[in-house]
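following is a predicted model, sequence given first.
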Amino acid sequence: MNKKSVLDFATSVLDIELEGIKTVRDKLDYGFVKAVELIFACTGRVVVTGVGKSGLIGKKIAATMASTGTPAIFLHPVEALHGDLGVVSPFDCVIGISNSGETEELLRLLPVFRERNIPLVALTGKPSSTLARISQAVIDTGVNREACSLGLAPTSSTTATLAVGDALAITLLKQRGFNAKDFRRNHPAGSLGEALKLEVREIMLTGDIMPVVRTGSSMSDALKELDAKRIGCVLITEEADRLAGILTDGDIRREITKGRPIMELKTDDVMTKKPKCINPSVLAADAMAVMEQHLITVLPVVDENDRLCGVVHLHDLLGKGQFRFTGTI
C-alpha cells in the first residue's frame, strides 16, 4: 500500500467506527434510562464484568465511573468463579458486557447475582440473548459491521460499547452534581503513580474494618466475619495478635468441591498458613507488585513481630482510582 492508500484505508476504518457509534446512539431508549436509575440508586459499588475485549472495555468504564463520582470496580468473571465473588455485596449493581450475550463465563455468574438480588445492567449487541433476558436494564450496543476487514476482530462493537460506558458515567456525573472539586479529590496526586508513593500504613484497612477471627474458631464464625466485612478473606490471629493464617473465598470453595464437611471444620483446618505479608512501611507500589507477582488480591500487613496491623486489597488500590486514608499506626 502506498501512502495515500494507507490514509484512505485508515479513514474508512474510522468511518465505520463512527457509523457504529451513530447506530448505537440512534437505538438508545428507556433501557439506558433504567440503567442510570439502577446505578444511581445503588448504595454500594458498580461491579463491571466481561471477558476478553469486552473485559478490557469494562475496565475502562469502571475506571471512568470511579473517577467521576460513581464508585466502581472491574471483576473478571474467571477470577470471580475462583473466589473473587466475595467482593460483590447485595448493595452493589452489576454491569455485564458481552456482545453476543452468551459468554459462558459471564452467564455462570448470573445465578449468584440473582440469588443476592443484585440489579444487573446488560451492555450487549443481542437484545434477545440470555444476558439481556435476565437483566433489569438492557442497552443495545449492536453495530451493523466491524471495522476489521475480516469481520472477526471486535472493533466497531467495542468502540460503541466504550462510548455507551462514557455516556453512562457522564450522565451519572451530571445527576450527582459532581464538580471539578470532587474530581480533584479523586485525583489527589494527579496520577496513580504519585499516589503509589504512599506507605502502606497510610492506605491499609485497620481496626474493625478488618475481617479477623482467632485460631480455633469455627467455620461458622469465620463465614459470618467473611460475609460482614466483604473483602474476600478472613485473617486468623493467635496470641498477641500475631497472624497465623488467611482464609479466602477460594479456600472455602475448594473445600466444598472436595466434599469435606466444611461446617464441622475449624479455621485452622482450612486456612493458608504463613501467607504472603507486607510491612506497613513498604510503599503502596511495592504492595501492588507483590500482589501481581503472586496473583493475589488481598495482602495482610504485619510488623516485625508478625503482629497484624492491617490489610490491603487490590481493588482499593486500583478499582476505585483512589486511596482510603486511615492514618498511621
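Thanks, I have the structure now.

show me what the closest residue to residue 226 other than its chain neighbours is bridged to.
Spatial nearest neighbour of residue 226, excluding adjacent residues (C-beta to C-beta, 6 or more residues apart in numbering): residue 234 at 5.0 Å. Any C-beta I mention is one placed from the backbone N, CA and C, and that applies to glycine too. Beta-bridge partners recorded for residue 234 (DSSP bridges): residue 247.

distance of residue 234 from residue 248?
Separation of residue 234 from residue 248 (C-beta to C-beta, to the nearest Å): 8 Å.

the two: which is more packed in?
residue 234 (32 against 24; other C-beta atoms under 10 Å).

one step back: could you check the pLDDT of the residue nearest to residue 226?
We have a pLDDT of 91 for residue 234.

next: residue 57.
At residue 57, the pLDDT value in this model is 96.

in which helix or strand does it reside?
Assigned by DSSP states H and E, residue 57 belongs to helix 53-67.

distance from the chain centre to that helix, please.
Computed by C-alpha atoms, centre = their mean, to the nearest Å, the chain-centroid distance of helix 53-67 equals 9 Å.

check which element follows it along the chain.
Next element after helix 53-67 (DSSP H and E): strand 72-74.

other SSEs contacting that next one?
Under the contact criterion of 3 or more C-beta pairs under 8 Å, 6 or more residues apart in numbering; DSSP states H and E, strand 72-74 touches strand 46-50, helix 53-67.

what segments of this structure are strands?
Applying DSSP state E to the chain gives strands spanning 46-50, 72-74, 93-97, 120-124, 137-140, 212-214, 233-237, 243-248, 272-273, 298-302, 308-313.

can you redo those strands as TSV with distance to residue 157?
Output for those, formatted as TSV (distance: least, C-beta to C-beta, whole Å):
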stretch	distance to residue 157
strand 46-50	12
strand 72-74	19
strand 93-97	10
strand 120-124	10
strand 137-140	11
strand 212-214	45
strand 233-237	36
strand 243-248	35
strand 272-273	41
strand 298-302	34
strand 308-313	32
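
show me where pLDDT drops low in the stretch 51-200 of the chain?
The stretch 51-200 of the chain contains residues with pLDDT under 70 at 179-197.

list the contacts of residue 76.
Taking C-beta atoms under 8 Å, 6 or more residues apart in numbering as the criterion, residue 76 is in contact with 49, 51, 55, 84.

look up how far residue 46 lies from it.
Note on residue 76: its distance to residue 46, by C-beta to C-beta, is 15 Å.

and the residue lying closest to residue 1 once chain neighbours are set aside, how many neighbours does it have?
Distances taken as C-beta to C-beta, 6+ apart place residue 9 nearest to residue 1, at 6.9 Å, with adjacent residues excluded. A count of nearby residues for residue 9, using other C-beta under 10 Å, gives 12.

what about residue 9, distance to residue 71?
Distance from residue 9 to residue 71, by C-beta to C-beta: 42 Å.

swap in residue 36?
Taking C-beta to C-beta, one finds residue 36 at 15 Å from residue 71.

what of residue 166?
17 Å.

which one's more surrounded, these two?
residue 71 (18 against 15).

where does the more buried one fall, phi/psi-wise?
The phi and psi torsions at residue 71 (degrees, to the nearest 10) take the values phi -50, psi 120.

quick check: closest non-adjacent residue to residue 231.
Nearest to residue 231 is residue 313, by C-beta to C-beta, 6+ apart, at 5.1 Å.

list the contacts for the residue nearest to residue 23 when sequence neighbours are not counted?
Closest residue to residue 23 apart from its sequence neighbours, by C-beta to C-beta, 6+ apart: residue 143 at 5.4 Å. Contacts for residue 143 (C-beta under 8 Å, 6+ apart) come out as 19-20, 23-24, 125, 156-157, 160.

can you say which of the residues you listed are buried?
Neighbour-count burial (16 or more other C-beta atoms under 10 Å) is assigned, among those, to 19-20, 23-24, 125, 156-157, 160.

just flag the most distant two among those.
19 and 125 (14.3 Å; C-beta to C-beta).

and the residue nearest the centre of the protein?
Against the mean C-alpha coordinate of the chain, by C-alpha atoms, centre = their mean, the closest residue is residue 74 at 2.6 Å.
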